[in-house]
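In: fold the following.
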Amino acid sequence: MGLAMVDAIRAVREETRSSVDMRVGIHTGSVLAGVMGQRQHAYDVYSKDTKLANAMESGGIPGRVHISETTYACLNGEFEVVPGNGELRNSEIKASSIKTYIIESVIKPYPEGTLDADRSRLSVQNEQHALSYRRGSQRPSGHNGVGVHGEAEFDDRLLQALIAREGATIKGKANYATLSFLDPVLETQFCALRDKLGPALISANCLVVILSCIAHGILWQLNIGTGVAYAAAVTITFLISCLAWAGVKSKAFHPSLVKFVQWTETVPSLRLVWLSSIILIAAVPEIADRLACTTSSDHACDPPVFYLHLITFLLLGVTILVQLRHLHKVLMMTLLITVHCLLTTLHQQLVFDSFDLDVISDSFRNSFPTKYASCVMLVVILFALFWLNRYTEVTSRLLFVWKKESDAQKEQVGELRRKNEELVYNILPRHVAKHFLGRNFTENEEPYSEHHAGVGIMFASMPNFAEFYSEESVNKGGIECLRFLNEIISDYDQLLDDLRFQGSITKIKTIGATYMAASGLTNTDIYDPSVSIRQRWRHLDQLVRFALGLQEKLRALNEQSFNNFELRIGINHGPISAGVIGVRKPHYDIWGNAVNVASRMESTGKPGSIQVTEECMHLLKEFGYIFQSRGEVEVKGKGKLQTYYLVEPYPEPPPLTPV
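Out: A predicted model of the protein is given here:
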């Protein structure tokens with residue numbers, strides 16, 4: 001892999017005609033791996049061998065792979081090497097008294113036909129895409145088919161799920177006869193549902209009564225008793241319809257009435273009484289009229305088969321009341337048909353016999369009289385409506401179960417999304433994470449990057465933590481030391497939730513025992529010439545107060561753990577470039593001359609102090625800070641710089657501005 005990385009950088013160098021190069025250092029040993037802190041999570045490894053591997057890189061040669069003698073012993077002579085002389089270029093390698101080597105060439109390539117050979121071939125092919133990745137998107141592009149195949153797989157799974165639901169039943173979830181859910185809680189929730197179409201369906205029954213009255217008046221003469229019955233039925237069903245609409249059109253009715261109606265719709269027993277009364281009231285005029293028509297000489301009910309149509313309308317009115325369970329509908333329809341058959345075959349026997357003599361032929365009249373034929377037809381209609389109502393309720397219950405499952409899945413997806421977003425916010429700064437969340441990235445999209453003209457940068461390290469770190473058995477191989485370091489960094493991260501620093505301070509990363517943060521990454525005042533210097537660089541004041549807060553946190557931990565750790569802090573300001581590096585494990589970082597100088601301010605400072613540059617000192621004096629000149633300090637790559645230490649007393653913090 002190291003050789004492949006060198007080759008990839010060489011290809012970039014040739015393409016861009018630049019002097020960019022790479023040193024690769026490799027050491028073999030034991031490590032402790034994990035995630036430090038509560039913010040900007042990054043998986044990392046820690047140990048003395050890790051530090052030595054870092055020294056192998058810094059003491060290496062550009063464009064070459066530098067390995068330790070421990071690593072060389074594990075290679076089984078597969079590579080040709082030459083002495084690396086790393087001790088001449090790095091003091092840590094010299095202090096470790098180890099030999100180093102530079103890899104010259106590969107002696108034993110992977111045998112053909114092995115898995116490693118196939119991987120090596122793929123690696124060579126991937127190198128051809130190195131430049132496209134350098135210019136490409138933040139996530140793997142579609143040329144490898146991952147995104148396309150993923151969408152196709154999702155579509156297939158969705159189609160299969162829909163097909164599976166085509167033949168779905170409630171078997172195992174509900175009683176086959178009654179259709180009641182086996183789960184009492186689920187049954188209670190289903191029965192308490194309010195149907196949005198309920199008022200319209202109740203109004204339809206009122207319309208059936210009105211139309212029956214009109215048809216009765218056109219076909220027959222209304223007697224006084226029948227007329228009164230129809231008038232009462234129309235009035236009562238109309239009032240019930242108005243009450244039903246009160247649960248939907250709440251603004252047109254009194255709130256107490258609306259609340260009462262909505263409550264009755266959620267109580268199954270009251271709803272049953274409410275709807276059953278509508279059907280019974282609608283049936284009263286027909287029954288009253290039939291009781292009044294008993295003789296063949298009474299032409300007010302001729303032809304009597306009209307009663308068959310009226311009862312059929314009533315059965316349909318029962319069917320459309322989806323709020324009722326199918327068993328309740330069957331019982332109600334059976335009651336109506338039973339009353340109809342009794343009136344037809346007993347009370348109005350003479351009326352139907354007279355109708356048969358006048359209308360029906362002798363052969364058919366003798367074999368199957370109309371009074372019995374109408375009863376048989378109603379029984380057939382009853383069975384048909386029974387299966388229709390049962391199918392409707394099965395479908396309704398299936399939809400209810402699917403909705404519950406869908407709601408549960410939505411909650412799971414929402415919870416998973418919330419956790420994923422929280423994880424992303426703990427990997428990338430919030431303003432950067434929002435750039436990636438909820439977007440569809442296109443192939444060859446430019447990497448995320450941004451330029452900031454005025455940013456504060458802080459490095460804070462514990463130089464004496466290296467002396468504290470021990471891999472002895474008493475510390476469980478260093479685990480206890482890293483656990484303590486994690487506690488320190490977690491306390492630092494808690495400061496980011498302080499109202500004083502929210503939105504202004506951004507944690508960049510941790511490097512061992514060094515904490516890196518920046519301010520002003522979301523500041524736009526730097527580009528406004530009308531804004532005062534204090535307003536423009538207020539975030540730099542907040543960064544200094546954050547650094548002082550880190551010192552307070554560490555001081556409290558020292559008192560609790562009886563340690564004497566001290567922070568060495570360096571602060572600088574200036575223009576920087578920021579962006580997200582990597583495709584598989586994206587990492588947000590900042591670069592620039594200002595960052596390098598801030599790092600030098602930390603490394604050349606003294607424990608317990610905050611060191612700044614001269615330009616930074618002039619800005620911070622605007623906020624009331626006092627400084628002591630340290631003199632000129634030799635800074636690698638910058639020459640001699642005039643630096644200053646922040647000294648007490650510190651100015652009082654400004655009052656918090658309510659958001």
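In: pretty sure Thr295 sits in a helix.
Out: No. Read with DSSP: H, G, I helix; E, B strand; the rest coil, Thr295 is coil and lies in no helix.
In: okay, now the nearest residue in space to it that is not next to it in sequence: neighbour count?
Out: In this structure, Thr295 finds its nearest non-sequential neighbour in Leu350, 6.0 Å apart by CB to CB, 6 or more residues apart in numbering. C-beta: built from backbone N, CA, C; applies to glycine. Counted with other CB atoms under 10 Å, residues neighbouring Leu350 total 13.
In: how confident was the prediction at Leu350?
Out: Looking at Leu350, its pLDDT reads 83.
In: pretty sure it sits against Cys301.
Out: No. Using CB atoms under 8 Å, Leu350 makes no contact with Cys301, being 11.2 Å away.
In: count of residues packed around Ala192?
Out: If you count neighbours by other CB under 10 Å, Ala192 ends up with 12.
In: and it, how far from Asn389?
Out: Using CB to CB, to the nearest Å, Ala192 is found at 20 Å from Asn389.
In: what's the answer for Tyr101, then?
Out: Plainly put, Tyr101 is 86 Å away from Asn389 if you go by CB to CB.
In: please apply the same query to Lys553.
Out: Taken as CB to CB, the span from Lys553 to Asn389 is 70 Å.
In: with Arg568 instead?
Out: Here Arg568 is placed at a distance of 81 Å from Asn389 (CB to CB).
In: now swap in Ile102 and tell me
Out: For Ile102, the distance to Asn389 - CB to CB - is 86 Å.
In: what mean pLDDT does the longest helix seen in the chain get?
Out: Identified as the longest helix of the chain according to DSSP state H is helix 370-425. Average pLDDT, helix 370-425: 88.
In: counting by contacts, list what it packs against.
Out: The contact analysis (3 or more CB pairs under 8 Å, 6 or more residues apart in numbering; DSSP states H and E) places helix 370-425 against helix 184-191, helix 306-319, helix 326-342, helix 349-359, helix 430-436.
In: to Val612, which of the ones you listed lies closest?
Out: Nearest to Val612 among the helices and strands packed on helix 370-425 is helix 430-436 (26.0 Å), distances taken as CB to CB.
In: report the rounded mean pLDDT for the closest one.
Out: Averaging pLDDT along helix 430-436 gives 77.
In: ok, and what's touching that helix?
Out: 138, 421, 424-425, 427-428, 448, 521-522, 580, 588 (CB atoms under 8 Å, 6 or more residues apart in numbering).
In: list the buried residues for that helix?
Out: Of all the residues in helix 430-436, those buried under the rule 16 or more other CB atoms under 10 Å are 432-433.
In: C-alpha coordinates for that helix, CSV please?
Out: The C-alpha coordinates for helix 430-436 follow below in CSV (Å, rounded to 0.1, in the frame of the first residue of the first chain):
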residue,chain,number,x,y,z
ARG,A,430,-22.5,21.6,12.0
HIS,A,431,-22.3,24.1,9.2
VAL,A,432,-20.3,21.6,7.1
ALA,A,433,-22.6,18.6,7.9
LYS,A,434,-25.6,20.6,6.7
HIS,A,435,-23.9,20.9,3.4
PHE,A,436,-23.8,17.1,3.0
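In: which elements pack onto the next helix or strand after it?
Out: Following helix 430-436 in sequence order, the next helix or strand is strand 449-461 (DSSP states H and E). Packed against strand 449-461 by the contact rule (3+ CB pairs under 8 Å, 6+ apart) you find strand 514-519, helix 538-561, strand 568-581, helix 593-603.
In: tell me the angle strand 449-461 makes with strand 568-581.
Out: Strand 449-461 runs at 150 degrees relative to strand 568-581, counting by axes from the mean of the first three to the mean of the last three CA atoms, to 10 degrees.
In: so what are the sheet partners of strand 449-461 and their directions?
Out: Strand pairing for strand 449-461, using DSSP bridges, gives strand 514-519 (antiparallel), strand 568-581 (antiparallel).
In: for Ile479, what are its contacts?
Out: So Ile479 contacts Leu32 (CB under 8 Å, 6+ apart).
In: that one in helix, strand or coil?
Out: Three-state call for Ile479 (three-state DSSP): helix.
In: quick one: the residue nearest to Gln494 when sequence neighbours are not counted from Leu482, how far?
Out: Spatially, and ignoring its direct neighbours in sequence, Gln494 is nearest to Gln38 (7.0 Å; CB to CB, 6+ apart). As judged by CB to CB, Gln38 and Leu482 stand 15 Å apart.
In: so what's the backbone phi/psi at Phe501?
Out: When read as degrees, to the nearest 10, the backbone of Phe501 gives phi -120, psi -10.
In: how about the contacts made by it?
Out: 495, 542, 545-546, 549.
In: switch the cut-off to 7 Å
Out: Each residue near Phe501 by CB atoms under 7 Å, 6 or more residues apart in numbering is listed here: 495, 542, 546.
In: buried subset of those as a PyMOL selection?
Out: Selection of buried members from these for PyMOL, criterion 16+ other CB under 10 Å:
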select buried, resi 495+542+546
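In: same list (the contacts of Phe501) but as CSV, adding pLDDT and distance to Val330.
Out: Shown next, in CSV, are those (pLDDT from 0 to 100; distance: CB to CB, whole Å):
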residue, pLDDT, distance to Val330
Leu495, 90, 70
Gln542, 92, 75
Phe546, 94, 74
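In: still on that earlier bit, just send the strands paired with strand 449-461 back as JSON lines, with mean pLDDT, mean neighbour count and distance to Tyr469 too.
Out: As requested, those are exported to JSON lines (pLDDT from 0 to 100; neighbours: other CB atoms under 10 Å; distance: least, CB to CB, whole Å):
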{"stretch": "strand 514-519", "mean pLDDT": "92", "mean neighbour count": "24", "distance to Tyr469": "13"}
{"stretch": "strand 568-581", "mean pLDDT": "91", "mean neighbour count": "22", "distance to Tyr469": "16"}
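In: could you dump the ones you listed into TSV and include distance to Met5?
Out: Listed next are the strands paired with strand 449-461 as TSV, based on distance: least, CB to CB, whole Å:
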stretch	distance to Met5
strand 514-519	25
strand 568-581	15
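In: between the ones you listed, which one is closest to Asn175.
Out: Set against Asn175 and scored by CB to CB, the strands paired with strand 449-461 come closest in strand 568-581, at 57.2 Å.
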